[in-house]
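Peer 1: When you get a sec, could you give me coordinates for this:
(chains A and B)
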2 protein chains.
Amino acid sequence: MTPISFSFPTQEVQCYLNQPFRRLSEITAPADSVIITDYHVYRHHHEAMAGYPVIKIPAGEAHKTQQSVDYIIEELLKLEAGKDTWLVAVGGGVITDIAGLVSVLYKRGTKLALVPTSLLAMVDAAIGGKNGINTGVYKNIVGTIRQPSFIWYDFELLRTLPAEEWVNGMAEVIKHACIQDELLFRMLEQYNMHDIQTDLSLVETLVERNIRIKMNIVTADEAEAGDRKLLNFGHTIGHAIENLHHIPHGHAISMGMVAICNLAVRLNILEVQEAVRIVKLLAKYHLPVDLETDLQQVYQAIRQDKKRQSDLIQLVLLKKIGEAFVYPLPVDSMQEHLKHIMA
Amino acid sequence: MTPISFSFPTQEVQCYLNQPFRRLSEITAPADSVIITDYHVYRHHHEAMAGYPVIKIPAGEAHKTQQSVDYIIEELLKLEAGKDTWLVAVGGGVITDIAGLVSVLYKRGTKLALVPTSLLAMVDAAIGGKNGINTGVYKNIVGTIRQPSFIWYDFELLRTLPAEEWVNGMAEVIKHACIQDELLFRMLEQYNMHDIQTDLSLVETLVERNIRIKMNIVTADEAEAGDRKLLNFGHTIGHAIENLHHIPHGHAISMGMVAICNLAVRLNILEVQEAVRIVKLLAKYHLPVDLETDLQQVYQAIRQDKKRQSDLIQLVLLKKIGEAFVYPLPVDSMQEHLKHIMA
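Peer 2: You can find the predicted model right below:
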């Protein structure tokens, strides 16, 4: 059971790949741990959680709120959890985000372990330490950056994952390929959704490659002063769309990637053939590539984006597939651009 | 305008001593800053805040809640504050605690400056980076540790401080003397409340000495793995009393220090004459030294104390005035002790 290890300034993060859930108790014993999960995940995997105190919240992005944080803290108080208690988040990105935030706030910090149960959480949400909750229409306005002690990957957990959740996860896999890994991009062009869903060893290869891409970026720039911004490819417009239409994260990010590729083409930065390959790959993995939305509302949401500094918005553009860079643009000019790139 | 500088692993903290409030704009210009304060402080000092956007909440410990955090975040969104915005907390410990927490959470972290306006905040709350809000009857159950970029000391702000707030602050000054500075203790025995309230240069000497005591402890142990625990002298029982009776922090801590000195005497660790000197000094500075409370409720609150690890409670006891140490005690045994030391 040798993990891959990644070093952050204040924390070492261990990734245990392909480990059965039940062996988790060798590290975080039930007497020192509290599992945080949602009702949906609990229904599928409660047998593996036997013996642990479990705090459950309703599933879904709508519950990524302060109310859920308050509820979990009340339950932790009832369980008399202390600073030395392990909070073990078992779930998708909503659960890892909420539990991560609680682990920062409760009694000024507890121990934290993540067990991602969705492809999206495995390749993205569980990695890098960002946590957060939504405020009104704005995503992750409240949150921090805090690394877990370890991340536990049991690919068997994916066997109960609904088809649409595979699609959701592939959006971030394609994002990673676009910004940094042209070889991965070509690999994805060769396989298809069915290949991946039916072959857990292919999933393991894919997940490990994505872990390394994201971890290499975030260990070098935890606070997002530089290259970590590249991971926001497709996310500025994507987050805006996600909140307006309450569609799955992967769908919104897919639309955001299409829109931002259109912008890069419009600015003569990306060749149109490259943009076409990206759109085709997204469509191949059942992700939406048509852009229909309220431009004015998207623009307003972009004005509130966390990444905005003063009057500039830090957009991530591609020069080509596998090579991204940050392109600061006056936020006011986005209003005009949006009319063209999302028409 | 040369500050005293203290180094933390992830942050340098500058303390500007005896600087007029209006010069603050030389560091945090109104265009890049939002002041967070309470209505009470605003009434007294609003002229100095001219030009700044100001977010105001009601004054008092009762408002150190998630609702206040939510409100401030909503207002920051309306002001379109970004990650590069300075949050400038102007107020007592409630304000510095809430603003500190908001500066961690809002858009995953903003810049933070503290302008303490009470003696308590100057010598204690503004120093060391702890922030937090109360949850139900439990103090600071939700919070983090995050250092400000600077702390701004304008002693003129104390001219409008009510008499009871001077008393409140002296409890922490006496605490610092008890745990680490016998010379300061003797100095306090020589002066009295009136001397201090009427001589701002004496206040400056006193505050600077307290800043150095606390900063030396917290720079060496930010995460409270060791010596920082010493600052909890009087606080385990004190916090329990504070929440039960809703009395001022300094009053509760005074009672907590008396109780814990009684325990140290009972355990033959502290000489009774030393305990008597401490009780006398507290009384001299108008702090309560009589202990009347519901022992069972105090015990229950101690069980939920943040500092509790497993079944041990980390008490801070004095060997003598100026020398403190951590004494782990089974939490269950506190029930019996309380009957004797708070009788």
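
Peer 1: Only C-alpha atoms from now on, for both contacts and neighbour counts.
Peer 2: Fine.

Peer 1: Which residue ranges of the stretch 101-250 of chain A form helices?
Peer 2: Along the stretch 101-250 of chain A, counting by DSSP state H, counting those that start in this stretch, helices occupy A:119-120, A:163-180, A:182-190, A:193-197, A:200-220, A:235-245, A:249-266.

Peer 1: Among these, which comes closest to A:Arg22?
Peer 2: helix A:200-220 (18.5 Å; C-alpha to C-alpha).

Peer 1: Can you tell me which helices and strands that closest one packs against?
Peer 2: Counting contacts by 3 or more C-alpha pairs under 8 Å, 6 or more residues apart in numbering or on different chains; DSSP states H and E, helix A:200-220 packs against strand A:4-8, helix A:163-180, helix A:193-197.

Peer 1: quick one: the first one to helix A:200-220, angle?
Peer 2: Using axes from the mean of the first three to the mean of the last three C-alpha atoms, to 10 degrees, one finds that strand A:4-8 and helix A:200-220 are set 20 degrees apart in direction.

Peer 1: is chain B contacted by strand A:4-8?
Peer 2: No: residues of strand A:4-8 are not located near chain B by C-alpha under 8 Å from any C-alpha of the partner chain, the shortest gap being 12.5 Å.

Peer 1: Near A:Leu105, how many residues? Count them for me, please.
Peer 2: 25 (other C-alpha atoms under 10 Å in any protein chain shown).

Peer 1: which residues of chain A score low on pLDDT?
Peer 2: A:306-309 (pLDDT under 70).

Peer 1: Quick one: name the residues of it near chain B.
Peer 2: A:77, A:80, A:82-84, A:104-109, A:140-145, A:303-304, A:306-310.

Peer 1: how much space between A:His235 and chain B?
Peer 2: Separation of A:His235 from chain B (C-alpha to the nearest C-alpha, to the nearest Å): 15 Å.

Peer 1: Thought A:Met255 was touching that residue, still the case?
Peer 2: No: look at A:His235 against A:Met255 with C-alpha atoms under 8 Å: they stay out of range, at 9.3 Å.

Peer 1: For chain A, which segments count as strands?
Peer 2: A:4-8, A:11-16, A:33-38, A:54-57, A:86-91, A:111-116, A:133-135, A:138-142, A:150-152, A:312-320, A:323-330 (DSSP state E).

Peer 1: Reformat the ones you listed as JSON lines; add mean neighbour count.
Peer 2: As requested, the strands of chain A are exported to JSON lines (neighbours: other C-alpha atoms under 10 Å in any protein chain shown):
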{"stretch": "strand A:4-8", "mean neighbour count": "15"}
{"stretch": "strand A:11-16", "mean neighbour count": "18"}
{"stretch": "strand A:33-38", "mean neighbour count": "23"}
{"stretch": "strand A:54-57", "mean neighbour count": "20"}
{"stretch": "strand A:86-91", "mean neighbour count": "27"}
{"stretch": "strand A:111-116", "mean neighbour count": "27"}
{"stretch": "strand A:133-135", "mean neighbour count": "20"}
{"stretch": "strand A:138-142", "mean neighbour count": "23"}
{"stretch": "strand A:150-152", "mean neighbour count": "25"}
{"stretch": "strand A:312-320", "mean neighbour count": "22"}
{"stretch": "strand A:323-330", "mean neighbour count": "16"}
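
Peer 1: Filter the residues of chain A next to chain B down to the buried ones and hand me the ChimeraX line.
Peer 2: Buried residues within the residues of chain A next to chain B, by 16 or more other C-alpha atoms under 10 Å in any protein chain shown, are selected in ChimeraX with:
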select /A:77,82,83,84,104,105,106,107,108,109,140,141,142,143,144,145,303,304,306,307,308,309
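
Peer 1: how about the helices and strands packed on helix A:200-220, which one is nearest B:Gly91?
Peer 2: Of all the helices and strands packed on helix A:200-220, it is strand A:4-8 that lies closest to B:Gly91, at 35.0 Å by C-alpha to C-alpha.

Peer 1: Give the buried residues for stretch A:43-58.
Peer 2: For stretch A:43-58, the neighbour count (16+ other C-alpha under 10 Å) marks A:His45, A:Met49, A:Tyr52, A:Pro53, A:Val54, A:Ile55, A:Lys56, A:Ile57 as buried.

Peer 1: Excluding chain neighbours, what is closest to the fourth one?
Peer 2: I take that to be A:Pro53. In this structure, A:Pro53 finds its nearest non-sequential neighbour in A:Val34, 5.2 Å apart by C-alpha to C-alpha, 6 or more residues apart in numbering or on different chains.

Peer 1: bridging residues for that neighbour?
Peer 2: Counting by DSSP bridges, A:Val34 is bridged to A:Leu87.

Peer 1: Test my guess that it contacts A:Tyr52.
Peer 2: Yes: at 6.3 Å, A:Val34 counts as touching A:Tyr52 under the criterion of C-alpha under 8 Å.

Peer 1: for the buried residues of stretch A:43-58, which one is nearest A:Leu183?
Peer 2: Nearest to A:Leu183 among the buried residues of stretch A:43-58 is A:His45, at 35.1 Å by C-alpha to C-alpha.

Peer 1: Return the distance of the closest one relative to chain B.
Peer 2: 28 Å.

Peer 1: go on, A:Ile269?
Peer 2: Taking C-alpha to the nearest C-alpha, one finds A:Ile269 at 28 Å from chain B.

Peer 1: Excluding covalently adjacent residues, which one is nearest to that residue?
Peer 2: Distance criterion C-alpha to C-alpha, 6+ apart; nearest residue to A:Ile269, sequence neighbours excluded, is A:Lys319 at 5.7 Å.

Peer 1: Fine by me, we can end here.
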